[in-house]
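1. My questions concern the predicted model and sequence given below.
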Amino acid sequence: MTAMTTHSSPRPGQVTAPDAALAAIPDRNCTWCKVPMAKRLVGGGAYIHYTCPKCIFQHTSKREKKSG
């Protein structure tokens, strides 16, 4: 027999750490379409990657470190 592991999933409405980090990142509109772009953290959280859902325009920027 193999041991089963269980993973707890967040309850509806509960903010997880990645979601909280994304909430602190400013939204950005597409340069061409002017629609809100999807955002995600990449590179271990060092970069913000934006993707337009309409024209697939992409932009990546380096996150600024918080001072203090």
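-> That came in fine, so what should we check first?
2. Then Leu22 would be within a helix, right?
-> Yes: Leu22: assigned to a helix according to DSSP: H, G, I helix; E, B strand; the rest coil.
3. Quickly list what the residue nearest to it when sequence neighbours are not counted is bridged to.
-> Excluding its sequence neighbours, the residue lying closest to Leu22 (C-beta to C-beta, 6 or more residues apart in numbering) is Lys39, at 6.2 Å. Yep, even glycine has a C-beta here, placed from its N, CA and C like the rest. Assessed by DSSP bridges, Lys39 has beta-bridge partners Tyr50.
4. What about Lys39, how many residues nearby?
-> By other C-beta atoms under 10 Å, 15 other residues sit near Lys39.
5. Pretty sure it sits against His49.
-> Yes: contact criterion C-beta atoms under 8 Å: Lys39 and His49 qualify, at 6.9 Å.
6. List of residues touching whichever strand or helix holds Asp19?
-> Under the criterion of DSSP states H and E, Asp19 resides in helix 17-23. Defining contact as C-beta atoms under 8 Å, 6 or more residues apart in numbering, one finds that helix 17-23 is touched by Val15, Lys39, Arg40, Leu41, Gly45.
7. ok, those vs Phe57, which is closest?
-> Lys39 (12.9 Å; C-beta to C-beta).
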